[in-house]
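okay, predicted coordinates and the sequence, questions at the end:
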Amino acid sequence: MGKKIGEVDIYIHFFNFGCALMASYKDRTTGEMISACIIGLMIFFTFVAMFAFWIYSIGSMAVLSILTGIFIIVVIAYHHKNKYTMRMVKYSIFTGMIACIIFFLAFFSVIFAYVENTPTQYIYKISVKGLADYSGSLVTDIIVPLPMENGKQIFTDEELNNKSFGNWTSMLVVSKEGKMIAFQTMDRNLTDIDASFTKRINYSESVKDVKCLYPVSSSSPSNYTLWLDRGSDFQTYTSYVYIDQNIRPIKDAGNITFNVELTIFEGRFRGIFGNNYKASIIESIPEGIKGPIPVRCQLGVYKEGKYLPINA
């Protein structure tokens, strides 16, 4: 009878040991699964955060990547300390990366379907009125500034040279003040100039240097400037226009009015709209003022339905 009781005790002892072992294994496996899920979720959400930073051009991706690496190292060290197998860590990293890829593909499928990028657009308009009251010589030149963006020529030489606008032909010239655009005619009976250059490109850097009409001069401008939107608080700098020395008034000649306007719309990229800038020269030059004439360039940015000073 005692022998049988001993056998039962042994069986009970082994049963209890097996249950404890299974419970320990179950707890350990549960811990591994929870840790693996946490790693996978953290990888996924870190990827989403980095992607959002990239979308909004925030330069914190390097810091976020370092933090991600530190997090993964800490989790691996935790697994090692608790003697968890690394198998679940590998699975979690793999699962997290698969989730990131699925998110990436799903996001861009929506972006391409619903968000259209708008090209960067440049419009350069030149209007010179009052020339019809003057006569020219064998060759007559009217010269205006060259449009630039961040120190680079916006339009190529081919896009500016030899374009006809009524009796006038455009060409690039290098004046004493710098490279500019000349409108030239061989007709003695002058006509007004109405010219426009337009260009679109898929993507351009944001405008950093808002002095967009060159050359830039340190000279003081004339007092002929008309202000945009009837205000005088626009940021300004000085450039040049040129009226041929050889033109002569026909009879009661009036002023020669320059209205030069460069508009730069930075476009929309990744669904985010860029700024819309305008550089304008609005001058009314009295009869008798000729040669290189310092003029005021006024700079504005489009806000609240109209152009306002850049610092507004």
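Perfect, I can see it now. Numbers count the residues shown, from 1 in each chain.

and the pLDDT for I101?
Note on I101: pLDDT of 71.

mind listing the residues bridging to P294?
With DSSP bridges applied, P294 shows beta-bridge pairing to Y240.

per-residue pLDDT, it?
Reported pLDDT for P294: 92.

likewise K251?
So, for K251, pLDDT stands at 78.

and if you look at F17?
F17 is given a pLDDT of 45.

and for the nearest residue to C212 once chain neighbours are set aside, the neighbour number?
Leaving out its chain neighbours, the residue that sits closest to C212 by Cβ to Cβ, 6 or more residues apart in numbering is A279, at 4.4 Å. Bear in mind the C-beta positions are built from the backbone N, C-alpha and C, glycine included. By the criterion of other Cβ atoms under 10 Å, A279 has 25 neighbours.

can you get me a residue count around I126?
Counted with other Cβ under 10 Å, I126 comes out at 24.

what do you get for L308?
Neighbours of L308 under the rule other Cβ under 10 Å: 17.

isn't it right up against V301?
Yes - L308 lies in contact with V301 (Cβ atoms under 8 Å); the separation is 6.4 Å.

residues contacting the residue nearest to C212?
Under the criterion of Cβ atoms under 8 Å, 6 or more residues apart in numbering, the neighbours of A279 are 147, 210-213, 261-262, 297-299.

got these as JSON lines, with pLDDT and neighbour count columns?
Shown next, in JSON lines, are the contacts of A279 (pLDDT from 0 to 100; neighbours: other Cβ atoms under 10 Å):
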{"residue": "P147", "pLDDT": "95", "neighbour count": "23"}
{"residue": "V210", "pLDDT": "77", "neighbour count": "19"}
{"residue": "K211", "pLDDT": "83", "neighbour count": "16"}
{"residue": "C212", "pLDDT": "89", "neighbour count": "26"}
{"residue": "L213", "pLDDT": "93", "neighbour count": "25"}
{"residue": "E261", "pLDDT": "94", "neighbour count": "18"}
{"residue": "L262", "pLDDT": "95", "neighbour count": "25"}
{"residue": "C297", "pLDDT": "90", "neighbour count": "27"}
{"residue": "Q298", "pLDDT": "88", "neighbour count": "25"}
{"residue": "L299", "pLDDT": "86", "neighbour count": "22"}
